[in-house]
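Q: dropping a prediction and its sequence here:
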Amino acid sequence: MPTERVFSGVQPTGNLHLGNYLGAIVNFVKLQDAYNCLYCVVDLHAITVWQEPAELTRNIREVTAAFIASGIDPKKHIVFNQSQVAEHAELAWVFNCVARLGWLNRMTQFKEKAGKDREAASVGLYAYPNLMAADILVYRATHVPVGEDQKQHLELARDIAQKFNNDFSDSIRAHGLDEKFFPQPEPLITGPATRVMSLRDGSKKMSKSDPSDYSRINLTDDADGIAQKIRKAKTDPEPLPSEEKGLEARPEADNLVGIYAALSGRTKADVLREFGGGQFSSFKSTLVDLSVEKLGPIGAEMKKLTQDPAYVDSVLVDGADRARAIAGQTMTSVKDIVGFIRKK
Ligand code: AQP
């Protein structure tokens, strides 16, 4: 039985896209054989920016459906939504008191998301990385599959784990616990599409919040939608290069080749050996066929699952019960370590 634990999450903020799929969900699926996995719909993170309540409920079910439709087995592993396991928020508070303001001030995602009007951003958006550290460490997870954009937050989680272990080392020892109470979680940023870019602008990451729907392929897009978006995707006038080096300074070409490679399970070099020297128009047609073949069945299954909300909710309740059992044990030890009094 595998002993190392994987944790990762996706925010239910709508417009789940190819970047979320290739950067994260595909890897979630692959890791199921080698690890015990927890996959979380991080609804507490979602409300760091305003969410319409009814839409949030729909989006929680949609992300759950995407997990299952992509091949995550919620019986063998744990699929749940974050707000059902109160220990995430409880540990996050302890981490708010461990992490330093200076550490959070360096987080680039907050700067990007808060934009110019930082005073108007929610406190939650600022403290988001501490909650993310709690999500991972409340399960003492050792591996975290994420896209490239989450690397900095993972480094912060490692710093928090280390500072907690150092600050409380005497107490950890006094309670007979492992001196490395919290492990150092390893980011797993793998595959040829760890940062999928916008189809309209190769310098911007594909993102749920981009106002242009043509910038991303949504997992719920039908075949016509996928075809239109790929055909309209920005490219340059040169033919495709035959080697990877030729993709440098051609971000749009690099992105489409990376998407093709990830969807076909090949390397970029291998894809270029086949398509190098050809025009984008024919490459795009092949990419449309591949995308429809790979994403079509997932979108169809998502649609089916979301039509049965009682089933989706039962998966989340069952997963949350199992997650709580693990998180509760960690919080019991954390309370002892910190010096809180609790019912014995
Ligand atoms: N463009 C991307 N390429 C590769 N991986 C990506 N991820 C997100 N965008 C890309 C990865 O998907 C997982 C879930 O992301 P999330 O929903 O928790 O948060 P996010 O990064 O904020 O997603 P978006 O789409 O970029 O939303 P907005 O528009 O709100 O900023 C993570 O593992 C992430 O790395």
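A: Here it is on my side, so go on.
Q: and stretch 195-208, which residues are buried?
A: For stretch 195-208, a neighbour-count test (16 or more other Cβ atoms under 10 Å) marks R195, V196, M197, S198, L199, R200, D201, G202, K205, M206, S207 as buried. From N, CA and C alone the C-beta is placed, and that goes for glycine too.
Q: filter those residues by proximity to the ligand?
A: Counting by Cβ under 6 Å from any ligand atom, R195, V196, K205, M206, S207 from the buried residues of stretch 195-208 sit close to the ligand.
Q: ramachandran angles for the nearest residue to R106 once chain neighbours are set aside?
A: Nearest residue to R106, sequence neighbours excluded (Cβ to Cβ, 6 or more residues apart in numbering): Q152, at 7.8 Å. For Q152, the backbone dihedrals are phi -60, psi -40 (criterion: degrees, to the nearest 10).
Q: from here on, call the first residue 33.
A: Taking 33 as the first residue, the last one we looked at is Q184.
Q: need the pLDDT of Q184.
A: Looking at Q184, its pLDDT reads 97.
Q: ok, it touching L136?
A: No. Applying Cβ atoms under 8 Å as the test, Q184 and L136 come out as separate, 10.9 Å apart.
Q: what is the rounded mean pLDDT of stretch 122-142?
A: 97.
Q: does it reach the ligand?
A: No. Counting by Cβ under 6 Å from any ligand atom, the ligand is not contacted by stretch 122-142; separation bottoms out at 7.4 Å.
Q: swap in stretch 45-58?
A: Yes. For stretch 45-58 and the ligand, the contact criterion (Cβ under 6 Å from any ligand atom) is met by T45, G51, N52, G55, A56.
Q: contacting residues around the residue of the chain found nearest the ligand?
A: At 2.0 Å from the ligand, G55 is the closest residue in the chain, using Cβ to the nearest ligand atom. By Cβ atoms under 8 Å, 6 or more residues apart in numbering, the contact set of G55 is V178, G179, E180, D181, G223, A225, T226, R227, V228.
Q: recalculate using a threshold of 7 Å.
A: With contact set as Cβ atoms under 7 Å, 6 or more residues apart in numbering, G55 has these partners: G179, A225, T226, R227, V228.
Q: for the ligand, what are the nearby residues on the stretch 233-376 of the chain?
A: K237, M238, S239, K240, S241.
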